[in-house]
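Enquirer: My questions concern the predicted model and sequence given below.
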Amino acid sequence: MSTSDTNTLSSGVYTEEDPSGYTILNMGPQHPSTHGVLRLILTLDGERVVRSEPDIGYLHTGIEKTAEVKTYQQALTLTDRMDYLAPLSNNLGFSLAVEKLLGIEVPERVSHIRVLLAELQRVASHMVWLGTSGLDAGAMSMFLYCFQEREIILDLFEAVSGVRMMTSYIQPGGLMADLNPGFLEMTEKVINELESKIDMYYGLLDRNPIWNERTKKIGILTPEMAREYAIVGPVARASGVDWDLRRDRPYAAYADYEFKVPIRTEGDSYSRYIVRMEEIEESLKICRQALGKITPPGVGVPYRTDDRKIVPPPKYEIQYSMESLIHHFKLFTEGFTPPPGDVYVAVEGPRGEVGFHMVSDGSNKPYRMRVRTPSFTNVQLIPELIKGLLLADVVVILASIDFVLGDCDR
Amino acid sequence: MTTVSEEMRELGRALSTQFAENFLGSREDRGELTLWVLPPAWRDAARFLRAGGYDHLSDLTAVDYLDREPRFDVMAIVASHQTHDFIRLKTVVADGQPVDSLVPVWIGADWFEREVFDLFGIEFLEHPNLKRILLPKDYQGHPLRKDYPVTGPAGSRFR
C-alpha cells in the first residue's frame, strides 16, 4: 500500500504507513481485548510495538459534575456506575467519605456487613478478570466457569439489595436495608462452593503450558516504575510494592480481621495473576471470619445509625410520631447538610485505591466530588509495559492490568 | 478514625521553614493535614514531601471556588508507604495563571494534570504532553468550572 491510498477516517488515523517504515495501527475502541472502550494507537515495526498511546474518554459521563447538582443520597447512585464490576466497593468509599464529613460513626455490625460485602465484591470482580484474561490467552473454558461463579455471588447481592449490579446498598449512615433472613447461610454455601473451585482454576491455568509461556517474564513492571507511576492495587503488589489500604489504613472493621497481603516481586503478568488468585483465597477467609461476627437479622438489630438527621426513621414510627414524620419529610426533600470542609477517604477496591475527595460547603449537595480511580492511573502504565513487545503480548498484558474503562473515564 | 501524627506536624513545620516566604499555612481538619503553599514553591514542596518519605502520589486534582480570588485550589494528596499517612498539599491559582507541573517529580502526575487541564482549564508548565484527555480535542470549555452549566453549553444537543 502506498502512502497516497492510506485509509484515514475523519476521527483520526485508521491505518497509515509512516515514512520511517513503521505502521500505525488503531486498536480499539471496539476491540474485545480492550475490555471496554479503550483505544490504543500503536506504532509497529513489523509485529513489534515501538510506541503506543492510549486514548481514553469514550465512557466519560461527567459523573463528578453531575454529583455537584445531586444531594448526597442521590450522588451515591452515581458511584455504582463508575466501576461497574465493583459497585459495592465504590458505595463503601463514598459512604465512608460522607460519614467522615458528617462526623458520625456506624454500628459495629454494619461495619462487619460492609467488610463481608466488599470482600465478596472483590472475589466477583477477580472472577471476571480471571475469566476474561483466560479468554484473551485462548483459554475459553475459564470464561465459562468464572462467570458461573460470579453469578452466584451476584445472586447474594440481589438477595440483599434487589439488584445484581447497581446495588447502592451501602449508604451514608449504614445500609439500605437489613440482610434478609437466611442470607448468612446462603453466603456460607457460596463461600464453600468457591473454595472448592480454586484448585480447579489453578489446574486449568497454572498447569497449562501456553498460559505459562504467555505470562511469565512478560510485561515486567519494576517497583521503582510502580512508585513513579502511582500504581496501586494488585498490579503494584505484584511488583513488590507492599501497600494495601485494608491493612495499612484499616477502614470499616478491617482492623478486626486477620489476613495476609499477597506480595510478589517479579512484576510480570504471571505474578499479577498469582497475586489476584491468592487475594481471592484471602478474601474468602475474611468472609468466613465476617460470618462469625455478624449477628443474624432480627428485630432490634441495628443495620444503620440511629441519627434521624442522616437516615430515615422506620416506617412504623411515622404512623404515630410527629417528629419522625418531620425527619422523614426533611430527609427526602432536602437531605442532610455536612459541615464545611474537605476529606479524602481511600478504600482498597478490587483494582486498588479508590479515593473519594469530597468538599462540602455546608449545603445539602457536594461542592466537589472527586474520585481517584485505580484504573485511571493503571491505564497510564500501558505504553511503558508494552514497549518493544509483540502485538500478541499486548493482549495478555492488557488483561493482566485489569482495568475497567467506566472506572477510568468516570 | 485517622489522626495527625507528631511526625506529620514535624514535616509540616520543616516545610514551613524551608519555604518561609511561599508558605501560606496549615490546617488540621477531621484528622487530615493540609499544607498550603504559593505557586512558586509548588513543585519544590512536592519534591520536599517525596524526599520526606511521602513517595506515593495518591491524587492530583483541583477545586473551583468561583467567588474567591484566586479562584482555583490545585491539590496533591501524597501518601507514605512507610507510615501509611496521607498529606494534602494545596496551592492557589488564579484563572489563566499557569502552575508548575509535577511530572518531573512523579511521572504518574502526567494524566492527573491532563485531566485538570481538560476539565478546569488550568495550565501546567513543563508538562510533556498537555492536551485534552477525557473530552474530544475540539471540545469548547472546561466542564468542571462552576460557571459551566451542568446541562452543557447553550445550544448543546444533549440537554
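Expert: Right, received. Where do you want to start?

Enquirer: tell me the mean pLDDT for stretch A:71-84?
Expert: Stretch A:71-84 shows an average pLDDT of 90 in the prediction.

Enquirer: Please put the alpha-carbon coordinates of it into PDB.
Expert: Presented in PDB, the C-alpha positions along stretch A:71-84 are these (Å, rounded to 0.1, in the frame of the first residue of the first chain):
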ATOM      1  CA  THR A  71     -27.900  15.600  47.100                       C
ATOM      2  CA  TYR A  72     -25.600  13.200  48.900                       C
ATOM      3  CA  GLN A  73     -28.100  10.400  48.800                       C
ATOM      4  CA  GLN A  74     -28.600  10.800  45.100                       C
ATOM      5  CA  ALA A  75     -24.900  11.100  44.300                       C
ATOM      6  CA  LEU A  76     -24.500   7.600  45.900                       C
ATOM      7  CA  THR A  77     -26.200   6.100  42.900                       C
ATOM      8  CA  LEU A  78     -23.600   7.600  40.600                       C
ATOM      9  CA  THR A  79     -20.800   5.800  42.300                       C
ATOM     10  CA  ASP A  80     -22.300   2.400  41.300                       C
ATOM     11  CA  ARG A  81     -21.800   3.300  37.700                       C
ATOM     12  CA  MET A  82     -18.100   4.100  37.800                       C
ATOM     13  CA  ASP A  83     -16.500   0.800  38.400                       C
ATOM     14  CA  TYR A  84     -19.400  -1.400  37.200                       C
END
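
Enquirer: is that stretch up against chain B anywhere?
Expert: No: legend: contact between stretch A:71-84 and chain B by C-beta under 8 Å from any C-beta of the partner chain is lacking; minimum distance shown is 12.8 Å. For the C-beta atoms, the positions are set from N, CA and C on the backbone; glycine is no exception.

Enquirer: got the buried residues for that stretch?
Expert: Using 16 or more other C-beta atoms under 10 Å in any protein chain shown as the test for burial, stretch A:71-84 gives A:71-73, A:75-84.

Enquirer: any residues touching it, and which ones?
Expert: Stretch A:71-84 is contacted from outside by A:61, A:63, A:66-67, A:70, A:87, A:89-91, A:93-95, A:98, A:165-168, A:171-172, A:334-336, A:338, A:349, A:351, A:354, A:364-366, A:369, A:371, A:373, A:375, A:404, A:406-407, A:410, using C-beta atoms under 8 Å, 6 or more residues apart in numbering or on different chains.

Enquirer: same question, stretch A:200-215
Expert: By C-beta under 8 Å, 6+ apart, the list of residues contacting stretch A:200-215 from outside reads A:130, A:134, A:137-139, A:141-142, A:145-146, A:268-270, A:273, A:277, A:393, A:396, A:400.

Enquirer: From these, which land in helices?
Expert: Among those, the ones falling in helices (DSSP state H) are A:130, A:134, A:141-142, A:145-146, A:269-270, A:273, A:277, A:393, A:396, A:400.

Enquirer: Make CSV from these and add pLDDT and distance to B:Val103 to it.
Expert: Shown next, in CSV, are the ones in helices among the contacts of stretch A:200-215 (pLDDT from 0 to 100; distance: C-beta to C-beta, whole Å):
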residue, pLDDT, distance to B:Val103
A:Leu130, 89, 35
A:Gly134, 86, 36
A:Ser141, 87, 44
A:Met142, 87, 39
A:Tyr145, 90, 43
A:Cys146, 89, 38
A:Ser269, 88, 27
A:Tyr270, 90, 31
A:Tyr273, 90, 31
A:Met277, 91, 35
A:Asp393, 87, 27
A:Val396, 87, 29
A:Ser400, 88, 26
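
Enquirer: Separate out the buried members of the residues you listed.
Expert: If you count burial by 16+ other C-beta under 10 Å, the buried members of those come out as A:Leu130, A:Gly134, A:Met142, A:Tyr145, A:Cys146, A:Ser269, A:Tyr270, A:Tyr273, A:Met277, A:Asp393, A:Val396, A:Ser400.

Enquirer: For the fourth one, give its distance to B:Tyr148.
Expert: Distance from A:Tyr145 to B:Tyr148, counting by C-beta to C-beta, to the nearest Å: 47 Å.

Enquirer: returning to what we had before: for PyMOL, write a command that selects the buried ones of the contacts of stretch A:71-84.
Expert: What follows is the PyMOL syntax for the buried subset of those, where burial is set by 16+ other C-beta under 10 Å:
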select buried, chain A and resi 63+66+67+70+87+89+90+91+93+94+95+98+165+167+168+171+172+335+336+338+349+351+354+364+365+366+369+371+373+375+404+406+407+410
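
Enquirer: all strands for the stretch 51-200 of chain A, in order.
Expert: Residue ranges of the strands in the stretch 51-200 of chain A, as given by DSSP state E, counting those that start in this stretch, are A:170-171, A:174-175.

Enquirer: Just the pLDDT at whichever residue of chain B sits closest to chain A, thanks.
Expert: Nearest residue of chain B to chain A, counting by C-beta to the nearest C-beta: B:Gly108, 3.4 Å away. At B:Gly108, the model reports a pLDDT of 88.

Enquirer: Identify the residue spatially nearest to it, adjacent ones excluded.
Expert: In space, and not counting its chain neighbours, B:Gly108 is closest to A:Ala230: 3.4 Å by C-beta to C-beta, 6 or more residues apart in numbering or on different chains.

Enquirer: which of the residues in stretch A:148-158 are buried?
Expert: Neighbour-count burial for stretch A:148-158 flags A:Glu149, A:Arg150, A:Ile153, A:Leu154, A:Leu156, A:Phe157 (criterion: 16+ other C-beta under 10 Å).

Enquirer: could those residues go into CSV alongside pLDDT and distance to chain B?
Expert: Listed next are these as CSV, based on pLDDT from 0 to 100; distance: C-beta to the nearest C-beta, whole Å:
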residue, pLDDT, distance to chain B
A:Glu149, 89, 32
A:Arg150, 90, 29
A:Ile153, 92, 29
A:Leu154, 92, 29
A:Leu156, 91, 30
A:Phe157, 91, 28
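
Enquirer: Sort out for me which of these are in helices.
Expert: Counting by DSSP H, the buried residues of stretch A:148-158 place A:Glu149, A:Arg150, A:Ile153, A:Leu154, A:Leu156, A:Phe157 in helices.

Enquirer: Excluding chain neighbours, give the residue nearest to the last one in space.
Expert: When you say that, I think you mean A:Phe157. Closest to A:Phe157 by C-beta to C-beta, 6+ apart is A:Thr167, at 5.5 Å.

Enquirer: dump the residue contacts of the closest residue to A:Ser111 other than its chain neighbours.
Expert: Leaving out its chain neighbours, the residue that sits closest to A:Ser111 by C-beta to C-beta, 6+ apart is A:Ala253, at 3.7 Å. By C-beta under 8 Å, 6+ apart, A:Ala253 lies in contact with A:Glu108, A:Ser111, A:His112, A:Arg114, A:Val115, A:Lys293.

Enquirer: In chain A, what residue lies closest to chain B?
Expert: Proximity to chain B, evaluated over chain A using C-beta to the nearest C-beta, is greatest for A:Ala230 at 3.4 Å.

Enquirer: that's a helix at that residue, yeah?
Expert: No: counting by DSSP: H, G, I helix; E, B strand; the rest coil, A:Ala230 is not found in a helix; it is coil.

Enquirer: Tell me, how many residues neighbour it?
Expert: Using other C-beta atoms under 10 Å in any protein chain shown, A:Ala230 has 31 neighbouring residues.

Enquirer: can you check B:Glu7 too?
Expert: Using other C-beta under 10 Å: B:Glu7 sits among 13 other residues.

Enquirer: No further queries at this time; thank you.
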